[in-house]
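**Student:** for reference, the sequence and a predicted model appear below.
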Amino acid sequence: MITSIRRFIASESAGGIVLALAAVVALVVSNSPLAAPYRQFLELHGEVRIGGDALVLSKPLLLWVNDLWMAVFFFVVGLEIKREVLAGELASVRQALLPIVAALGGMIAPALIYVALNHRDAVALRGWAIPTATDIAFALGILMLLGRRVPASLKVFLTAVAIIDDLGAIVVIALFYTTSIAWPMLVAAGAAALLLALLNRARVTAIGPYVVVGLVLWVCVLKSGVHATLAGVITALAIPLHDADGGSPLETAEHALHPWVAFAVLPMFAFVNAGVSLAGLSPGVLLEGVPLGIALGLVVGKAVGVYGASRLMMRFAGAALPGGASLRQFFGVCVLCGIGFTMSLFIGGLAFAAQDPVYEIEVKLGVLGGSLIAGMLGTLLLLMDTNRTQG
């Protein structure tokens, strides 16, 4: 189990560095003479036809990445959630209680801050969930760069909080960011999900059948109006944790896909979504309700929510501070939870789809600015504590 966690953390931390580089490249390119080719790249058209015109999937590259590539990311998230619930840090109520409550606090406080700043703008209110996310790749990447100066218990805590956070984001997307429903396709998606459950019930341990049915499920969910990435989670939850020979199909799939997600899917997502032109923008834009609500939600809301909820659990429910960690280190990790990059951008794209393009710019400014500040503050707090301890 410990080896599994170490492999997971190592993959995510290295992926976080690549993810950051992809975001930086997107920002540089979108504000350079290459801006026009960059936009043309995002609009490259791809089309899949099955049975003539019976099934047509026609999208620009940006949507192929956000709908299909990110379904693979959500598939891995689903595998991580199932593993942690059945055999990991969330396997018992006692183990899971602190990160669960911390994650809930870290979702509620940022949302309240965003709503307080945007309650008079009905369109802006659609983005209330944007600052509730934590980007596990970036946050763990910073912790790993600090090395042994940060206790391993804090890395496990951050991993558990981020995984629960992802689960909360999945629920939010399903409930609040679903467009009009095409009921026949939703029924077909339900049938595909049932077939996945039957495969699991029949103790089918080969991954292939789940992938085939999962692709069918993805198409049905896409056509139903519910966001297609949820098909990845549903498929993942059907993968068996153990087989008759003592192996783990779930962990095999997770380990096989982690490098692809960390070094291809997420960097590509960052590259196609983080590009924002700063031409003509004044500093005053950062004080608009959407970017300010997102940035404050990530920097202040996440830290207050995660730390405050955790301290309440420690005081009134007997929860303990992660082993070997000081309160300052713990608070530093809570601040790092405000790095919301990947999921925040993803939710922002859903929240303001078909709205004025200015919202897209404001979302990116708020997410990038808030995540950068949270990362810098969290790192500074951790460095201050480790320097004091070592001195």
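**Tutor:** Received it, and whenever you're ready, just let me know what you need.
**Student:** CA atoms for contacts and neighbours, from now on please.
**Tutor:** OK.
**Student:** now do the SS call for residue 58.
**Tutor:** Look at residue 58: counting by DSSP: H, G, I helix; E, B strand; the rest coil, its state is strand.
**Student:** which one is it nearest to, not counting chain neighbours?
**Tutor:** Once flanking residues are discounted, residue 58 sits nearest to residue 47: 4.3 Å by CA to CA, 6 or more residues apart in numbering.
**Student:** what's the mean pLDDT across the helix or strand encompassing residue 174?
**Tutor:** Using DSSP states H and E, residue 174 sits within helix 152-176. Averaged across helix 152-176, pLDDT comes to 87.
**Student:** return the set of buried residues in it.
**Tutor:** 152, 154-170, 173-174 (16 or more other CA atoms under 10 Å).
**Student:** which residues sit against it?
**Tutor:** 5, 9, 77, 80-81, 89-90, 99-100, 102-104, 107, 129, 132-136, 140, 143, 226-227, 230, 322-325, 330, 333, 337, 343, 347 (CA atoms under 8 Å, 6 or more residues apart in numbering).
**Student:** swap the cut-off to 6 Å and go again
**Tutor:** In this structure, residues lying in contact with helix 152-176 by CA atoms under 6 Å, 6 or more residues apart in numbering are 99, 103, 134, 136, 322, 323.
**Student:** gap between it and the chain center?
**Tutor:** Helix 152-176 sits 8 Å away from the centroid of its parent chain (CA atoms, centre = their mean, to the nearest Å).
**Student:** just stretch 80-93 next, same as before
**Tutor:** With CA atoms, centre = their mean, you get 18 Å for stretch 80-93.
**Student:** kindly check the end-to-end length of that stretch for me.
**Tutor:** Terminal residues of stretch 80-93 are spaced 17 Å apart (CA to CA, to the nearest Å).
**Student:** and what of stretch 62-79?
**Tutor:** End-to-end distance of stretch 62-79 (CA to CA): 25 Å.
**Student:** now do the buried residues in that stretch.
**Tutor:** So, applying 16+ other CA under 10 Å, buried residues of stretch 62-79: 62-79.
**Student:** lowest mean pLDDT among the helices and strands of the protein, which one is it?
**Tutor:** Within the chain, confidence by mean pLDDT, DSSP states H and E is lowest for helix 2-30 among all helices and strands, at a mean of 75.
**Student:** which element follows that helix toward the C-terminus?
**Tutor:** helix 35-42.
**Student:** quick one on the thing from earlier: of the buried residues of stretch 62-79, which belong to strands?
**Tutor:** If you go by DSSP state E, the buried residues of stretch 62-79 have nothing in strands.
**Student:** nearest residue to residue 346 other than its sequence neighbours?
**Tutor:** residue 66 (7.7 Å).
**Student:** next one, pLDDT for the one you found please.
**Tutor:** Looking at residue 66, the pLDDT reads 92.
**Student:** longest helix anywhere in the chain?
**Tutor:** helix 357-390 (DSSP state H).
**Student:** which other helices and strands does that one contact?
**Tutor:** helix 289-296, helix 327-336 (3 or more CA pairs under 6 Å, 6 or more residues apart in numbering; DSSP states H and E).
**Student:** show residues contacting the longest one.
**Tutor:** Judged by CA under 6 Å, 6+ apart, the contacts made with helix 327-336 from elsewhere in the structure are 139, 303, 306, 307, 374, 375, 378, 381, 382.
**Student:** and the angle from the helix or strand following that helix to helix 152-176?
**Tutor:** Next in sequence after helix 327-336, counting helices and strands by DSSP H and E, comes helix 341-351. On the basis of axes from the mean of the first three to the mean of the last three CA atoms, to 10 degrees, helix 341-351 is oriented at 10 degrees to helix 152-176.
**Student:** heads up, I number from 742, so please use that
**Tutor:** New numbering, starting at 742: the last item is helix 1082-1092.
**Student:** can you list contacts of helix 1082-1092?
**Tutor:** Against helix 1082-1092 from outside (CA under 6 Å, 6+ apart): 867, 868, 871, 874, 876.
**Student:** tally of neighbours for the fourth one?
**Tutor:** Residues lying near residue 874 (other CA atoms under 10 Å) number 30.
**Student:** circling back: just the buried subset of the contacts of helix 893-917, please.
**Tutor:** Applying 16+ other CA under 10 Å to the contacts of helix 893-917 flags 840, 844, 875, 877, 1063 as buried.
**Student:** how near is residue 1051 to residue 1039?
**Tutor:** 17 Å.
**Student:** of these two, which one has the most company?
**Tutor:** residue 1039 (40 against 27).
**Student:** how near is the spatially closest residue to that one that is not a sequence neighbour to residue 893?
**Tutor:** The spatially closest residue to residue 1039, leaving aside those adjacent along the chain, is residue 1079, at 4.3 Å (CA to CA, 6+ apart). Residue 1079 sits at a distance of 20 Å from residue 893 (criterion: CA to CA).
**Student:** residue 1093 now?
**Tutor:** 38 Å.
**Student:** what of residue 874?
**Tutor:** Taking CA to CA, one finds residue 874 at 22 Å from residue 893.
**Student:** centre-most residue in this structure?
**Tutor:** In the chain, the residue lying closest to the centroid (CA atoms, centre = their mean) is residue 1084, at 3.7 Å.
**Student:** rewinding a little: between the helix holding residue 915 and helix 1068-1077, how big is the angle?
**Tutor:** Comparing the axes of helix 893-917 and helix 1068-1077 via the same axes, to 10 degrees yields an angle of 30 degrees.
**Student:** show the subsequent helix or strand relative to helix 893-917.
**Tutor:** Next element after helix 893-917 (DSSP H and E): helix 924-942.
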